[in-house]
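Participant: Take a look and give me a structure for this.
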Amino acid sequence: MADNAGVRVNGLREVVRTLQRFGADVGELREAMRAAGQIVAGEAGRRVPRLSGRLAGSIRPGGGKAAAVIRAGGSSVPYAGVIHYGGYHNITAQPFLTDALAARRGDVVNEVTDQLGDLIRKHNLNP
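Facilitator: Have a look, this model is predicted:
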């Protein structure tokens, strides 16, 4: 069962479109989202259960132009979802990603706001 934990910023897509119309590089927008994702990824790395450390090492931020994404696991760490969501072989869920987001939600919103504000100032879009 997937949960849809997240932070939704109303109007973000419109801000992104406007920034692009005024010359903001998509790479700048992705970096802004990645910076927000790094906050959650760092917190998740502190919260993840550890045996070998491979799962903690697989946590990484990503970002699109209008979304931050945190990933954990991969082909060499296929058990990430089982640890996070539980269920398989009576493993108790340890939702390190969603707990990290819940703990740092305000910081994520502040980071996105600051990063977008910097881009708006850089491109002289102040009202």
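Participant: From now on I want contacts and neighbour counts done on CA atoms only, so please keep to that.
Facilitator: Will do.
Participant: in this structure, which spans are strands?
Facilitator: Here the chain has its strands, by DSSP state E, at 60-63, 68-71.
Participant: out of those strands, nearest to residue 101?
Facilitator: With Cα to Cα as the measure, strand 68-71 is the member of the strands of the chain nearest residue 101 (9.7 Å).
Participant: For that closest one, name the packing helices and strands.
Facilitator: When contacts are defined as 3 or more Cα pairs under 8 Å, 6 or more residues apart in numbering; DSSP states H and E, strand 68-71 packs onto helix 26-47, strand 60-63.
Participant: Tell me how many other residues surround residue 85.
Facilitator: Other residues within reach of residue 85 by the criterion other Cα atoms under 10 Å amount to 18.
Participant: Hmm, it is touching residue 97, no?
Facilitator: No. The criterion here is Cα atoms under 8 Å, and residue 85 misses it with residue 97 at 10.0 Å.
Participant: which other residues reach stretch 90-109?
Facilitator: 5-7, 9, 36-37, 39-41, 43-44, 47-49, 70, 82-87 (Cα atoms under 8 Å, 6 or more residues apart in numbering).
Participant: Please convert the strands of the chain to a markdown table, extending it with mean pLDDT and distance to residue 18.
Facilitator: Output for these, formatted as a markdown table (pLDDT from 0 to 100; distance: least, Cα to Cα, whole Å):
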| stretch | mean pLDDT | distance to residue 18 |
| --- | --- | --- |
| strand 60-63 | 90 | 18 |
| strand 68-71 | 91 | 19 |
